[in-house]
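>>> Generate coordinates for the sequence data below:
(chains A and B)
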2 protein chains.
Amino acid sequence: VEALVVRPGDPPQVAFEAEYPTPQAPPGEVLIRVHVTGICATDLEIVCGYMRFAGVLGHEFVGTVVDGPAELRGERVVGEINCPCRQCATCQRGQFHHCPHRSVLGIVSRDGAFAEFLTLPAANCHRVPPGITDEQAVFVEPLAAAAHVLDAVPVSSDTRATVIGSGRLGLLVAQVLAHRTRHLVVLGRNPATLRLCQSWGIAAQHSDETTPAADQDIVVECTGRPAGLRRAMELCRPTGTIVLKSTYAEPAGIDLAPIVIHEQRVIGSRCGDFSAALRLLSDGAVRVDELVSRRFPLSEGVAALTAAAQPTNVKVLLCPRAA
Amino acid sequence: VEALVVRPGDPPQVAFEAEYPTPQAPPGEVLIRVHVTGICATDLEIVCGYMRFAGVLGHEFVGTVVDGPAELRGERVVGEINCPCRQCATCQRGQFHHCPHRSVLGIVSRDGAFAEFLTLPAANCHRVPPGITDEQAVFVEPLAAAAHVLDAVPVSSDTRATVIGSGRLGLLVAQVLAHRTRHLVVLGRNPATLRLCQSWGIAAQHSDETTPAADQDIVVECTGRPAGLRRAMELCRPTGTIVLKSTYAEPAGIDLAPIVIHEQRVIGSRCGDFSAALRLLSDGAVRVDELVSRRFPLSEGVAALTAAAQPTNVKVLLCPRAA
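Below you'll find the model as predicted:
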């Protein structure tokens, strides 16, 4: 079948392959025919060597279950990307997302979604209500991650919050926070996405045009660059909270003394609850249609990755041939 | 008067001066004759250029009030080091330790304690009960900072906690935590201080002899080195808490992606409550006598700083001539 495959190397090699083996669903898993997939910053990091991943790339998808338990067959689903062992001490505590033995779709030891078919544990699948289009459903995974910010830190109507980064993830985080507080500012470098925020009624400014006043209760770092954390430390008030949403391969090189001096809290935040994200889409509480910048067939996957790396593109979608 | 003074330079120059001007207490402040002072890692960082401080070094002290309000005159006191403006928005919120306009004794815009006399706001002074010796009272400031870990993160009898660093601060943090949990391990590099922990009934191991199992609920970083944070990230369980106690001038150069992946919390922790620390000393809950490695007269302050920089020395005390 068609697939966009990462082969080991330094840097790793990524290429479209037309005859990749068709995956077989082991017991407990389902086989899913992929409709649409989305490219995420993590995919771009993996291509640069992050996680030393080899295999089929991709983890944001919507598709139809074509093989598996009767109750799921024929259903349109999105899928949680962490596949835990469900037996270790971490899983016993219910921290499935943190199982040290887990595989992760298209990220750790498991072929991903940039292919005609993929397999996932049946327990990972969530049905997509009919009111949500395929191109919306592909945002469930990143939207779940965005909404997970609210699990890291309470946000009330008085909370002064800044989102740094007006890209793929920042635009989702901003929309989630905008439902909780009106004291929200998005800082970014892309005039188009800053205007998009403003069209949603969210204050947005160019990063270079702001003077950090160390008065924000919460700063969410969505730039994926060490400079973003440095800026977050300047914006955050003493004893405030910085939420780190993005991973990057490059080491930080940051003076962390201000975190101690200002007693700031830096909280890492990764994957979130799919049910919450599906609800946000069903309710129309978060707008994703405007985030789709370009669409590519899977066969042009390498060009799609290049396009996704350009800051002027927000979400780039990839569709396998069968879709 | 005698004083140990930092003069601007790159690196700054530190020297004993016999004829430094005698400080005058402005309204609201007291003049204190210094009995004993302690050298802290922050002092050593300042001498390397941290905070670009110039003036009299030192912030850990015990002394007698010789001028000021009648109710304090003649009293033996220790003093909180942050001197807030008490007027800005931060102070209005009660976050005096974080006042952006504050001076800090021997650290920011205020002459410090390595001198015969110092001045401090009267409100910063805490009387020392007679049962506490001068050489114990000098530990109130660092012990308050150590006990402040408990304000950053709850510790119960089930909490698995590791303290990294068996130096000045680590030994105090360890004793504070040992009253809350028996699942405590201290990691360090100095066999003498590791043995000291063991003599107190606290498990202690050489840092190189441990294999991080990512299973600690809390890790307190007290090494003052970027490698300590890296090690803390390896020891801390997913969604666990790392408390950063030490500041250092050098930038980190650390891959922070694991904080996001494991959703760890990194909390900066600085100064704490003097009353709590005085109680811990009065109750004999924390042992400090064994932490005093060497004593120097103030006139040998430069040699004392060199001694304090040697990892085999724990607390080095400095006594001005008058004491």
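
>>> can you give me phi and psi for the one residue in the stretch 1-150 of chain A that gets nearest to chain B?
The stretch 1-150 of chain A approaches chain B most closely through residue A:98 (3.4 Å), counting by CB to the nearest CB. In this view, the C-beta of every residue, glycine as well, is placed from N, C-alpha and C. When read as degrees, to the nearest 10, the backbone of residue A:98 gives phi -110, psi 10.

>>> okay but it is in contact with residue A:90, surely?
Yes: under the criterion of CB atoms under 8 Å, residue A:98 makes contact with residue A:90 at 5.4 Å.

>>> who touches the residue most central in space within chain A in this structure?
Nearest to the geometric centre of chain A sits residue A:142, at 3.4 Å (CA atoms, centre = their mean). Counting by CB atoms under 8 Å, 6 or more residues apart in numbering or on different chains, residue A:142 touches A:38, A:40, A:60, A:168, A:169, A:172.

>>> Wasn't it part of a strand?
No: under DSSP: H, G, I helix; E, B strand; the rest coil, residue A:142 sits outside any strand and is assigned helix.

>>> Check it and give its pLDDT.
Per-residue pLDDT puts residue A:142 at 97.

>>> Only alpha carbons, please: show stretch A:260-276 as CSV.
Presented in CSV, the C-alpha positions along stretch A:260-276 are these (Å, rounded to 0.1, in the frame of the first residue of the first chain):
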residue,chain,number,x,y,z
VAL,A,260,13.9,30.0,40.7
ILE,A,261,14.0,33.7,41.4
HIS,A,262,10.4,34.3,40.3
GLU,A,263,9.3,30.9,41.6
GLN,A,264,7.6,30.1,38.3
ARG,A,265,6.0,26.8,37.5
VAL,A,266,6.9,25.1,34.2
ILE,A,267,4.5,22.4,33.4
GLY,A,268,4.9,20.0,30.5
SER,A,269,1.7,19.2,28.7
ARG,A,270,1.2,16.6,25.9
CYS,A,271,-1.8,14.5,24.9
GLY,A,272,-5.4,15.1,26.0
ASP,A,273,-8.9,13.8,26.1
PHE,A,274,-10.4,12.9,22.7
SER,A,275,-14.0,13.0,24.0
ALA,A,276,-13.5,16.7,25.1
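
>>> how about it: buried residues?
Buried residues in stretch A:260-276, defined by neighbour count with 16 or more other CB atoms under 10 Å in any protein chain shown: A:260-274, A:276.

>>> biggest separation within those residues, which pair?
A:261 and A:274 (39.0 Å; CB to CB).

>>> where are the low-confidence patches of chain A?
Along chain A, the model assigns pLDDT under 70 to residues A:248-252, A:322-323.

>>> So which residues of it form helices?
In chain A, the helices defined using DSSP state H lie at A:41-47, A:89-92, A:134-137, A:140-147, A:149-152, A:168-178, A:191-199, A:226-235, A:257-261, A:274-282, A:301-309.

>>> and of these, who's closest to residue B:6?
Shortest distance between residue B:6 and the helices of chain A, using CB to CB, is found for helix A:257-261: 17.8 Å.

>>> The closest one near chain B anywhere?
Yes: Helix A:257-261 lies within reach of chain B by CB under 8 Å from any CB of the partner chain, at A:257, A:258, A:259, A:260, A:261.

>>> mind listing what the closest residue to the fourth one other than its chain neighbours touches?
Beyond its immediate neighbours in the sequence, the residue positioned closest to residue A:260 (CB to CB, 6 or more residues apart in numbering or on different chains) is residue B:268, lying 4.0 Å away. With contact set as CB under 8 Å, 6+ apart, residue B:268 has these partners: A:258, A:259, A:260, A:261, A:262, A:263, A:264, A:265, B:243, B:244.

>>> can you rerun that using 6 Å?
Contacts of residue B:268 were listed using CB atoms under 6 Å, 6 or more residues apart in numbering or on different chains, and they are A:259, A:260, A:263, A:264, B:244.

>>> which residues does it bridge with?
With DSSP bridges as the criterion, residue B:268 is bridged to residue B:244.

>>> separation between it and residue A:259?
4 Å (CB to CB, to the nearest Å).

>>> what touches both of these two?
Between them, residue B:268 and residue A:259 share no contacting residue, judged by CB under 6 Å, 6+ apart.

>>> re the thing from before, nearest to residue B:103, out of the helices of chain A?
With CB to CB, the closest approach to residue B:103 among the helices of chain A belongs to helix A:257-261: 14.0 Å.

>>> what about residue A:126, distance to residue A:318?
Distance of residue A:126 to residue A:318, given as CB to CB: 21 Å.

>>> Which of these two has more residues huddled nearby?
residue A:318 (31 against 18; other CB atoms under 10 Å in any protein chain shown).

>>> what about the helices of chain A, which gets the closest to residue B:11?
Taking CB to CB, helix A:257-261 is the member of these nearest to residue B:11, at 17.0 Å.

>>> State the distance from the closest residue to residue A:266 other than its chain neighbours to residue B:111.
Leaving aside its sequence neighbours, residue A:266 sits nearest to residue B:266 (CB to CB, 6+ apart; 4.2 Å). To residue B:111, residue B:266 is 33 Å away according to CB to CB.

>>> Show me which residues of chain A sit near chain B.
Proximity of chain A to chain B, by CB under 6 Å from any CB of the partner chain, involves residues A:95, A:98, A:238, A:244, A:247, A:251-257, A:259-260, A:263-268, A:270.

>>> what's near enough to touch residue A:258?
residue A:233.

>>> quick one: it and residue B:292, what's the gap?
According to CB to CB, residue A:258 stands 32 Å off from residue B:292.

>>> And for residue A:231?
In this view, residue A:231 and residue B:292 are 43 Å apart by CB to CB.

>>> Equivalent analysis for residue A:55, please.
According to CB to CB, residue A:55 and residue B:292 sit 59 Å apart.
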